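Fold the following and give me the result.
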Amino acid sequence: MGKIKKKFESGEGSLYLTRKQALRKLQLSLKMFRRLCILKGIYPREPKNRKRAQHGSTEKKTLYLKKDIQFLLHEPIVWKLREHKVYLRKKGRAKALRDYDGLKRIMDNKPTYSLDHIVKERYPTFVDAVRDLDDCLTLSFLFSTFPSMRFVPGGVSALCRRLTLEFLHYVIEARVLRKVFVSIKGYYYQADIKGQTITWIMSHNFGFQPQSPDEVDFRIMATFVEFYSTLLGFINFRLYHGANICYPPKLTAVNSGTENEKLGALTEDEFMEERIASLNQTIIRIQEDNPDGAVEVDEFPAGEDNEKLAEQRKELDRVNRLKNLFNGLKVFLNREVPRESLAFCIRAFGGTVSWDSGLFAGATFNQFDETITHQITDRNMQSTEQTQYLSRYYIQPQWVFDSINSATLLPVENYFQGAVLPPHISPFVVEREGDYVPPEKRKFLDMEKGIVTTGEVFTTEEQKTTEPEIVKTKKSKKGSKVESEPVPMAVERGMAEVVDLMKQKDDETKEEYRLRVMMIRNKHKRLYRRMMESRKRRNKEAEKMVKKRKKVAP
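Purely as a prediction, here's the structure:
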């Protein structure tokens, strides 16, 4: 007789553990278990059949994979967490007994641990780490603005500030920034690093407003930052050495102490940190090779992929032009504009920027320099009674961001002082076919692709004039035909036919699409009809938006 198979010993019932079972197996408290799961990247799972996974129970429970919990059993950091728990108990006992000598001795022997092995374990390759950089940067930039709090020591904020500044310096030197958008939350940036698209948010510079523990759990966030700071340090080190830049960043030139005297009595290290934080100083490179970052495309003999190669070459040319968008521009920032964001964006595309040296360290030229091409201001210069120069443009900050998103230098007339600014459109929204695209967004997309319409197409009035006249015959009352007078023959000068290449290509694309639709299998036609219905729905919504825009427009 074979062995009797018991219930829930195989299948989903044997794959999952509840959180209570996991705590009992690991011999950890709930707080330590949460911290360990965040550091190791282990999260609750949703089973296909919850009743089977919970051994017949229908109660909603937090479930983890059994193999993940077994994986945590062999983690060496578990012992460090237990030592930290003992350390807190000894520290509390020494405080209660007012044994200050013993308290000092206990604090000096505080257990520490390293997360280096966890980073290498979670990200086997460097590209994997870069791909997961979005949340890391967003949370690091957020913590860099926090003051010293109970669950956020001052050293954590200072470390995040240093790491984020190092990353911004790399983006400037490598010129990998691609898109910018200003919103209520902050500044959205997108960069292309090692073939991976990285998007992060940098918050506005506002005063810190304390939050209640019921709304924000700083313990959980601080645990994430503890891991992300280690990850960002590894990535910065690798990025700097890959770009032949000294790490940590060092400045190429040091000014005299007059600037330090204006900013107050600072130590040499503090003054150097302020200079690095200005994002306006060039950092030392180990080796100068390929300074413009231009990448050459290999030439291959004629084949089937010529169109793809042409598109890749065109995209590469567009990116190279975008990298040098602000080359040759010298920009001065007034005190009322966001200095850090504008300095970062202008320098990331090849421009030079400065500000009043009495406000912040790192200024490279003053306001009276007549070689300045643009001065960015957010208030009326006439009311301030400052000297205005005819050799420069006085524009608003939005010109910088819109020029980056359109990949070209926009006309400055729409961004003068006091002018009504055009809409600031997000470059991150990707419209599907049939969606409403605002005219301003469509214009930016065309400028980014380099589409310039050449030649004019005949209008309907011109077509009417060129159509041959049809001579009609009239019938008399008796029904006999009356011949009209013959039209005198004449020779007119011919006109060259204007071929609209865009329209011709569009017609060919539509014909190819129609043929592909005919080849759809019967079992897929239902799905295709649903897709077409969804597209028609989006077209109707787009038409409504166009009508609303016409009503609102003056």
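
can you pull the pLDDT of Lys449?
Reported pLDDT at Lys449 in the predicted model: 63.

same thing with Ser212?
With respect to pLDDT, Ser212 has a value of 74.

and it, what does it touch?
Counting by Cβ atoms under 8 Å, 6 or more residues apart in numbering, Ser212 makes contact with nothing. In this view, the C-beta of every residue, glycine as well, is placed from N, C-alpha and C.

does it sit in a helix, a strand or a coil?
Going by DSSP: H, G, I helix; E, B strand; the rest coil, the secondary structure assigned to Ser212 is coil.

distance of it from Phe206?
Distance from Ser212 to Phe206, counting by Cβ to Cβ, to the nearest Å: 18 Å.

Repeat that for Ser29.
36 Å.

more neighbours, the two?
Ser29 (13 against 8; other Cβ atoms under 10 Å).

so what's the more buried one up against?
Taking Cβ under 8 Å, 6+ apart as the criterion, Ser29 is in contact with Leu23, Lys85.

For Leu36, see how far away it is.
Between Ser29 and Leu36 the distance, using Cβ to Cβ, works out to 10 Å.

tell me which residues in the helix or strand containing Met532 are buried?
With elements delineated by DSSP states H and E, Met532 resides in helix 522-552, which encompasses its position. Buried residues in helix 522-552, counting neighbours by 16 or more other Cβ atoms under 10 Å, are found at Arg538.

And it, what does it pack against?
Using 3 or more Cβ pairs under 8 Å, 6 or more residues apart in numbering; DSSP states H and E as the contact test, no helix or strand touches helix 522-552.

By mean pLDDT, which helix or strand of the protein comes out lowest?
helix 460-466 (a mean of 38; mean pLDDT, DSSP states H and E).

out of everything not next to it in sequence, what's closest to Asn109?
Computed as Cβ to Cβ, 6 or more residues apart in numbering, the closest residue to Asn109 that is not its neighbour in sequence is Tyr87, at 8.0 Å.

ok, now which ones touch the one you found?
Ile106, Asn109, Lys110, Pro111.

Can you report how many residues lie near Val152?
18.

again, but for the one 10 residues further on
Arg162 is flanked by 20 other residues according to other Cβ under 10 Å.

Show me what counts as buried in whichever helix or strand it is part of.
Using DSSP H and E, the secondary-structure element containing Arg162 is helix 154-174. Applying a neighbour-count criterion of 16+ other Cβ under 10 Å, the buried positions in helix 154-174 are 156-157, 159-174.

now stretch 67-87
Of the residues in stretch 67-87, those with enough neighbours to count as buried (16+ other Cβ under 10 Å) are Asp68, Ile69, Leu72, Glu75, Ile77, Val78, Leu81, His84.

would you turn the residues you listed into JSON lines with secondary structure?
Listed next are the buried residues of stretch 67-87 as JSON lines, based on three-state DSSP:
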{"residue": "Asp68", "secondary structure": "helix"}
{"residue": "Ile69", "secondary structure": "helix"}
{"residue": "Leu72", "secondary structure": "helix"}
{"residue": "Glu75", "secondary structure": "coil"}
{"residue": "Ile77", "secondary structure": "helix"}
{"residue": "Val78", "secondary structure": "helix"}
{"residue": "Leu81", "secondary structure": "helix"}
{"residue": "His84", "secondary structure": "helix"}
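
ok, of those, which one's closest to Ser14?
Ile69 (12.8 Å; Cβ to Cβ).

got the phi/psi numbers for the residue nearest to the closest one when sequence neighbours are not counted?
By the measure of Cβ to Cβ, 6+ apart, the closest residue to Ile69 outside its immediate chain neighbours is Ala22, 4.8 Å from it. The phi/psi pair for Ala22 (degrees, to the nearest 10) reads phi -70, psi -40.

is it true that Ala22 touches Gln70?
No. The pair Ala22 / Gln70 is not scored as a contact, 10.0 Å apart, by Cβ atoms under 8 Å.

returning to that earlier point: distance of the residue nearest to Asn109 from Asp317?
Relative to Asp317, Tyr87 is positioned 59 Å away (criterion: Cβ to Cβ).

Specify the local secondary structure of the closest residue to Phe141 other than its chain neighbours.
Distances taken as Cβ to Cβ, 6+ apart place Met202 nearest to Phe141, at 4.8 Å, with adjacent residues excluded. Remark: Met202 carries the secondary structure label strand [criterion: three-state DSSP].

partner residues bridging Met202?
Beta-bridge pairing of Met202 under DSSP bridges involves Tyr187.

so where's the stretch 451-554 of the chain uncertain?
Low-confidence segments of the stretch 451-554 of the chain, defined by pLDDT under 70, are located at 451-485, 487, 554.

One more pass at 50, please.
453-480 (pLDDT under 50).

Would you map the helices across the stretch 151-300 of the chain?
Secondary structure of the stretch 151-300 of the chain, counting by DSSP state H, counting those that start in this stretch: helices at 154-174, 218-242, 258-263, 268-277.

Which of those helices sits closest to Trp355?
Distance to Trp355, taken as Cβ to Cβ, is lowest for helix 258-263 among these, at 12.1 Å.

Could I get the average pLDDT for the closest one?
For helix 258-263, the mean per-residue pLDDT is 50.

residues in contact with stretch 436-446?
Outside of stretch 436-446, the residues that reach it under the criterion Cβ under 8 Å, 6+ apart are 402, 405-406, 422-423, 425, 427, 431, 541-542, 545-546, 549.

okay, now Arg347: neighbour count?
So Arg347, with other Cβ under 10 Å, has 24 neighbours.

What strand or helix carries it?
helix 339-348.

Let me know the next secondary structure element after that helix.
Next in sequence after helix 339-348, counting helices and strands by DSSP H and E, comes strand 352-354.

For the helix or strand just after that following strand, which helices and strands make contact with it?
Under the assignment DSSP H and E, the closest C-terminal helix or strand after strand 352-354 is strand 374-376. If contacts are counted by 3+ Cβ pairs under 8 Å, 6+ apart, strand 374-376 sits against strand 330-333, strand 393-395, helix 398-406.

Deepest-packed of those, please.
When you average the neighbours per residue for each of the helices and strands packed on strand 374-376 (mean count of other Cβ atoms under 10 Å), strand 330-333 leads with a mean of 23.

What strands line up against that one, and which way round?
Partner strands and pairing direction for strand 330-333 (DSSP bridges) are strand 352-354 (parallel), strand 374-376 (parallel).
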